[in-house]
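Trainee: Whatever this is, show me its structure:
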Amino acid sequence: MMNTTHSLTAAVLLSLLLSACGGGGGGSSSSAGYEVIRYSGAEGAAEISEENQEALAAGAGEVVALAIDAEGSEDALSDVPIGIQIQDGNTQAEWARQAVERVLSSGLVDLPVAASSSMEGDCGGSASISGSGTEANSSSVINYNNYCTSFGEDEGNIRFNGKVTVAVATVGERMTTTIRYENFRMTAAGESFSLSGVITTVTDGFVLTESSWNYTMTVDGVTSSWAGSAVCDAEYNCEYRSQYEGSDGTVYQVADLDVSEGIDGEYSVEATFYHPDYGYVSLTASDIVLCADGSIGGGVIVLTDDENTLTITFNGCGSEPVIELDGVAIIIEG
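Mentor: You can find the predicted model right below:
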């Protein structure tokens, strides 16, 4: 059982660290209903044409708006560039990771798989854990009841409430770990934070190969969502991708995402944009301004394949964008 515990805690560590890297939008409104948003569309290169120009333009506009909205979120993870790297300041995500790891490492080491136990917090409260299944395929539920612990002098005491489910499925050396947070609340220094969502990791021989996430965090009344994935090689070189759910339910994907804000509040975006029906194109957006409803009200998006260029120009909130395919303009009908 000791090996299983080590596997779980390693997966918890990797998945929560990677989740902080992801960007994206979408997800369910119910904490128990979160599922990883998966892009299952075309992966090859797209060819921009008269037949698909409007679909590509509409999807690109939604993705750019959602990426900017996620990047500008004023919450605990706003210092983490979407899909690029982990930065300092992601304190709440670290608390959540350690809360799960401490209970798993303390509660599962000496327990058979189908068992339950509870532990007292360092400074009050308790956490209970119950498990079922086999070593290779198990499910554990942790319930926090005002569980109090300290992560150092800087943070002081932190209290946890809520439910976390950890499920493990193993085939050979390939292990899939799914961590589901349900209304998981953290309180420190008079401030409260809540986390809901799901994070999945896949390891092969204890080497991380894949990770996917879809969660929301609420800080000081501001709620923001993230959905994304990563694929890693044996040297932990990871390619991060973000998934976005459009207004009609279409799931788009971006890779190599870079969002930056100019001195006047306008945004620039660079990415590889994947449309599920057509594949990927290069995306560059400049001077982007968002309207009150979150749509784009100004700026230009340029999509390119090996031979064609699609330009989408936004001329004000409430106005239809104008697109040009290799210099020939049309107006997108609403």
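Trainee: Going by C-alpha atoms from here, please, whenever you check contacts or count neighbours.
Mentor: Will do.
Trainee: so what's the backbone phi/psi at residue 57?
Mentor: phi -60, psi -40 (degrees, to the nearest 10).
Trainee: burial measure for it, as a count.
Mentor: Using other CA atoms under 10 Å, residue 57 has 22 neighbouring residues.
Trainee: what's the distance between it and residue 278?
Mentor: 12 Å (CA to CA, to the nearest Å).
Trainee: Same question for residue 269.
Mentor: For residue 269, the distance to residue 278 (CA to CA) stands at 21 Å.
Trainee: and if you look at residue 170?
Mentor: Residue 170 is 34 Å from residue 278, where distance means CA to CA.
Trainee: Likewise for residue 181?
Mentor: For residue 181, the distance to residue 278 equals 35 Å [CA to CA].
Trainee: more neighbours, those two?
Mentor: Just comparing residue 181 and residue 278: by other CA under 10 Å the higher neighbour count belongs to residue 181, 25 against 18.
Trainee: In contact with that one, which residues?
Mentor: By CA atoms under 8 Å, 6 or more residues apart in numbering, the contact list for residue 181 reads 31, 162, 163, 164, 165, 195, 196, 197, 198.
Trainee: go on, residue 146?
Mentor: Applying CA under 8 Å, 6+ apart, the residues near residue 146 are 124, 125, 126, 159, 160, 161.
Trainee: and the next element down the chain from the host helix or strand of the fourth one?
Mentor: Counting by DSSP states H and E, the secondary-structure element that holds residue 159 is strand 157-171. Next helix or strand after strand 157-171 toward the C-terminus (DSSP H and E): strand 174-188.
Trainee: That following strand to strand 157-171, inter-axis angle?
Mentor: Calculated by axes from the mean of the first three to the mean of the last three CA atoms, to 10 degrees, strand 174-188 forms an angle of 170 degrees with strand 157-171.
Trainee: List the strands paired with strand 174-188, with their directions.
Mentor: strand 157-171 (antiparallel), strand 191-204 (antiparallel) (DSSP bridges).
Trainee: residues of that strand that come out buried?
Mentor: 175-188 (16 or more other CA atoms under 10 Å).
Trainee: Check these and tell me the two furthest apart.
Mentor: Across these, the longest distance by CA to CA is 34.1 Å; it joins 175 and 188.
Trainee: Which among the contacts of residue 146 count as buried?
Mentor: Among those, those classed as buried by 16+ other CA under 10 Å are 125, 126, 159, 160, 161.
Trainee: ok, the fourth one touching residue 186?
Mentor: Right, the one you point to is residue 160. Yes - here residue 160 reaches residue 186: they are 4.8 Å apart, a contact under CA atoms under 8 Å.
Trainee: Residue 60: what's it in contact with?
Mentor: Residues counted as contacts of residue 60 (CA under 8 Å, 6+ apart) are 273, 283, 301.
Trainee: Wait, a helix at it?
Mentor: Yes - the assignment for residue 60 is a helix, going by DSSP: H, G, I helix; E, B strand; the rest coil.
Trainee: export stretch 312-320 as PDB, just CAs?
Mentor: This file holds the C-alpha atoms of stretch 312-320, laid out as PDB (Å, rounded to 0.1, in the frame of the first residue of the first chain):
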ATOM      1  CA  ILE A 312     -10.900  40.100 -39.300                       C
ATOM      2  CA  THR A 313     -11.400  43.800 -38.500                       C
ATOM      3  CA  PHE A 314     -13.700  44.900 -35.600                       C
ATOM      4  CA  ASN A 315     -15.100  48.400 -35.900                       C
ATOM      5  CA  GLY A 316     -17.100  49.000 -32.700                       C
ATOM      6  CA  CYS A 317     -19.300  47.200 -30.200                       C
ATOM      7  CA  GLY A 318     -22.500  46.000 -31.700                       C
ATOM      8  CA  SER A 319     -21.100  46.200 -35.300                       C
ATOM      9  CA  GLU A 320     -20.400  43.100 -37.500                       C
END
